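Participant: no sequence on this one, just coordinates:
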């Protein structure tokens with residue numbers, strides 16, 4: 001019987017964190033295949049018992065090169081791998097922006113997490129912000145940062161990569177428009193575009209996870225805590241450099257919130273899940289100020305969150321094994337794509353006449 005495959009890594013700044021998530025998932029799925037997506041772009045089947053250090057210098061020894069082939073899936077030296085579904089643990093970059101999802105669609109492989117449009121929307125901070133605003137949900141202003149124009153609101157600012165996650169490449173407490181524009185050339189993570197938002201030094205983060213199968217459900221709310229460095233925002237170091245990815249990051253869980261604030265946050269989370277067409281498990285991030293009764297904003301959605309947000313399911317309690325089993329069940333029974341040829345019945349071809357007449 002085909003086994004699931006856990007896919008991790010990828011040509012992304014979040015490559016290393018993706019390995020941590022993938023190895024956790026492989027351990028929780030006995031018999032699963034481990035597929036590593038190298039920084040250089042190739043796919044490799046690797047030993048499921050590897051520890052993180054085995055990937056520090058690239059592809060581990062005694063790994064088998066794979067090809068991802070349209071209509072066939074992952075193919076080894078002799079034959080396609082028998083895979084029931086793919087658990088996508090690739091954070092950021094092409095693993096989370098719709099590129100990998102399209103590749104898996106073309107290969108005919110069932111997979112967990114967002115489909116192509118949901119992945120693309122979640123990765124594009126400008127588009128996501130505009131969708132949230134158009135839906136009437138509370139959000140801080142967000143605009144494209146251009147080299148030849150000032151933002152439409154005063155500073156100080158937060159400058160973020162338009163495409164990316166995990167706080168990588170973010171500059172906070174940027175004093176003015178000129179300084180913000182200067183970051184476009186100085187920050188390599190902004191080469192594909194940047195967005196700018198007002199910097200609120202009094203704001204803090206509130207997050208929860210949402211999953212779509214077997215029914216829409218929400219986790220406990222967490223309040224992430226900043227590390228000893230006390231930076232202006234919750235940074236990459238706070239989130240991921242404690243040893244086990246997001247699992248070991250400092251947090252208040254469940255967050256100490258007024259009942260009305262938590263109820264409003266959950267209402268907003270359900271609305272965001274509907275807007276993005278939630279599939280799989282996502283982490284929805286909010287910003288709040290004060291006690292949150294007046295200032296509560298939708299910030300971002302992370303469609304393939306670190307450690308698949310397994311640490312947030314404390315109320316209700318959902319084990320990692322159960323979370324993965326439900327993700328795989330959804331992957332098989334709720335396909336990410338459905339192509340249709342309805343209407344392509346040959347009528348237009350039979351009535352077309354000659355191609356030569358169309359070129360005249």
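Facilitator: Here it is on my side, so go on. Predicted model, so just to flag it, every value in this text is computed and none were measured. Residues are numbered from 1 along each chain as shown.

Participant: CA only for contacts and neighbour counts going forward, please
Facilitator: OK.

Participant: So which residues of this structure form helices?
Facilitator: 15-28, 99-107, 116-123, 125-134, 177-186, 236-240, 259-276, 320-333, 347-350, 355-359 (DSSP state H).

Participant: okay, the ones you listed in TSV with distance to residue 196, mean pLDDT and mean neighbour count next?
Facilitator: TSV is the format used below for those (distance: least, C-alpha to C-alpha, whole Å; pLDDT from 0 to 100; neighbours: other C-alpha atoms under 10 Å):
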stretch	distance to residue 196	mean pLDDT	mean neighbour count
helix 15-28	25	97	23
helix 99-107	25	97	20
helix 116-123	15	97	22
helix 125-134	9	97	18
helix 177-186	8	93	17
helix 236-240	19	53	20
helix 259-276	21	98	16
helix 320-333	34	98	18
helix 347-350	48	92	9
helix 355-359	48	87	7
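
Participant: now the ones you listed in JSON lines, with distance to residue 300?
Facilitator: Listed next are those as JSON lines, based on distance: least, C-alpha to C-alpha, whole Å:
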{"stretch": "helix 15-28", "distance to residue 300": "19"}
{"stretch": "helix 99-107", "distance to residue 300": "20"}
{"stretch": "helix 116-123", "distance to residue 300": "8"}
{"stretch": "helix 125-134", "distance to residue 300": "7"}
{"stretch": "helix 177-186", "distance to residue 300": "21"}
{"stretch": "helix 236-240", "distance to residue 300": "15"}
{"stretch": "helix 259-276", "distance to residue 300": "9"}
{"stretch": "helix 320-333", "distance to residue 300": "22"}
{"stretch": "helix 347-350", "distance to residue 300": "45"}
{"stretch": "helix 355-359", "distance to residue 300": "49"}
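
Participant: what's the closest of those helices to residue 158?
Facilitator: With C-alpha to C-alpha, the closest approach to residue 158 among these belongs to helix 177-186: 8.3 Å.

Participant: Show me how far that closest one is from its chain's centre.
Facilitator: The chain centre lies 27 Å from the centre of helix 177-186; the measure is C-alpha atoms, centre = their mean, to the nearest Å.

Participant: picking up where we left off before, for residue 151, which of the helices of the chain is the nearest?
Facilitator: helix 177-186 (6.8 Å).

Participant: From residue 179, how far off is residue 148?
Facilitator: 12 Å (C-alpha to C-alpha, to the nearest Å).

Participant: quick one: contacts of stretch 324-333?
Facilitator: The contact list for stretch 324-333 (C-alpha atoms under 8 Å, 6 or more residues apart in numbering) reads 4, 25, 29, 84-87, 110-113, 213-214, 280-281.
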